[in-house]
Structures are given as C-alpha cells and as structure tokens.
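no FASTA, just this:
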C-alpha cells in the first residue's frame, strides 16, 4: 500500500440534502483555500464566501441565501486537504500518530492543523488527514449550535474504486486518484494541475509505471467530469464518460 502527500488544499463539491434552502437543517459544504461553497438540493451552485470577509459581510451572505445559522443542526464538511496519511490500523496508535505524520509530511505540516481520522474498513486502514484550525474556528463561529463533521474525499474514492485500473475524481483543479491492481490498493494520491496536459501526463506516467492495459475501462470517474476538461483530454486518449475512444 502506498500513500502520497498532497499539495495545496482543495474544494470538493457536495450537494446539500435539504429539499429547499429555506427549510434547511442540514448543510453540506465543501472547503478550499479561498473559502467555503455550497450547492442547493439539485446540485446548483448557491454561493461562495471567502474566509477573510468581515463579520457583516459574512452575516449578509447567509441571510441573502435564506439560511439562518441558528437553525442548521448539522454541517457536513467535505474536503480533500493537502496532507494525509493512509496507514494500516495495526500500525496506527494515538501515541505514535503525530510521529507518523511528521515523518511522512514534515514537522511544519502539522502547524495550525487538527488531525482527523476516518476508518476504511475494506482496507483495514485509517485515513489520517489534517484540517486547518482557522477553518474549523470560522465554521464554529458561523454555526455555533451545529454539529460539524469532517469527511475526506479519498475515503469515498477508495471504497468506490474499481477493482482494476484507475479511479479518479476531479475537484477544483485537483485530481483524487486511486489505483487498484487485481483488487489490491496500489496507489492513493491527489494531484494538482492547472492544464489538461499536466493531468494527462500524470495519468499516463501511472499507466506506464504500473503497466496498465489502456482501454475504455481503464479509468472510472467518480462524480461529474467538466465538459471543458473532458474535451481537452481527448487528444491524450484519457477516457471520460463524456468522450469515449478506443486505444
């Protein structure tokens, strides 16, 4: 089993489960370096608020969206932070957890971060990931009466990945990537990119390194693929649900 340390934090899009924003008591949000975003029940983007806005702007933002923070009972926060460690449960211990993270990510990576843990039962492993304390503090300020939980997108991708080949989820110019060969978890990583060319070369470097047979079933996409990205990947024979081609 391998892990790869991540790069700058990213946003992961998730839909709220309420039937309408006005009657919402559960809010699903996704976080990134610049702030917080959320969608309505139909997946339509409803707004973005930056971390550094004044208290008045923050208050006005939620009021304009028809959300009263005092009525939100649960805030489910979805992110894919730059720092994570996938470790077999038999080696994970709260006593040594910080030491493992410092060895894998560097001592400075833990400054101003809080450690969260998700169990991945299918792999008998724990996914350790860091959440910036300033993000948590601001969410607590916005929703003082809410129960706030944190979920890492890699857990979903690992549990829903295909048995052979790559499984990928693209969020906010970053690709969450899981590789299995004959059902064995072989690679877990998050790759930041600004151009389709960069993503294509990274995917093909995995294909070449792990000797993946390349065809239309080599990649499984979790979630939607932006049409623009899908079109730009065509010349590189990166298969997407939107544009399919044979090797």
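It's in. Just so it is clear, the structure is predicted and the values come from calculations on it, not from any experiment. Numbers count the residues shown, from 1 in each chain.

most centrally placed residue in this structure?
With distances taken as CA atoms, centre = their mean, the residue of the chain nearest its centroid is residue 80 (3.1 Å).

okay, it: pLDDT?
Note for residue 80: predicted pLDDT of 73.

how much space between it and residue 230?
To residue 230, residue 80 is 20 Å away according to CB to CB, to the nearest Å. Every C-beta, even on glycine, is put in place using the N, C-alpha and C of the backbone.

which parts of the chain are helices?
Counting by DSSP state H, the chain has helices at residues 55-64, 97-105, 133-142, 153-159, 196-209, 227-233.

most packed of those?
Greatest average neighbour count among the helices of the chain goes to helix 153-159 (a mean of 20), per mean count of other CB atoms under 10 Å.

who's in contact with it?
Residues outside helix 153-159 that contact it (CB atoms under 8 Å, 6 or more residues apart in numbering) are 12, 78-80, 84, 86, 118, 120, 122-123, 127, 129, 167-169, 171, 176, 178, 185, 188, 190, 222.

now stretch 86-101
Taking CB under 8 Å, 6+ apart as the rule, stretch 86-101 contacts 1, 3, 83, 85, 109-110, 115, 119-120, 123-128, 130, 154, 188.

on that earlier part again, out of the helices of the chain, nearest to residue 35?
Proximity to residue 35 (CB to CB) singles out helix 133-142 among the helices of the chain, at 9.2 Å.

which elements pack onto that closest one?
Packed against helix 133-142 by the contact rule (3 or more CB pairs under 8 Å, 6 or more residues apart in numbering; DSSP states H and E) you find strand 113-120, strand 147-152.

in CSV: these, plus mean pLDDT, distance to residue 91 and mean neighbour count.
Listed next are those as CSV, based on pLDDT from 0 to 100; distance: least, CB to CB, whole Å; neighbours: other CB atoms under 10 Å:
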stretch, mean pLDDT, distance to residue 91, mean neighbour count
strand 113-120, 94, 13, 16
strand 147-152, 92, 19, 17
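
domain parsing of the protein, as residue ranges.
Split into domains by automatic domain parsing, the chain comes to 1-158, 160-236.

hmm, back to that, which of the contacts of stretch 86-101 fall in strands?
85, 115, 119-120, 125-128, 130, 188 (DSSP state E).

and these, which two are the farthest apart?
The span of the ones in strands among the contacts of stretch 86-101, defined through CB to CB, is set by 115 and 188 at 17.8 Å.

against residue 151, how distant is the residue nearest to the centre of the chain?
Separation of residue 80 from residue 151 (CB to CB): 10 Å.

now do the contacts for residue 49.
With contacts defined as CB under 8 Å, 6+ apart, the neighbours of residue 49 are 35-37, 57-58, 61.

from those, which is closest to residue 162?
Residue 162 lies nearest to residue 37 out of the contacts of residue 49, by CB to CB, at 28.5 Å.

thought that closest one was touching residue 51?
No - with contact defined as CB atoms under 8 Å, residue 37 does not count as touching residue 51 (11.8 Å).
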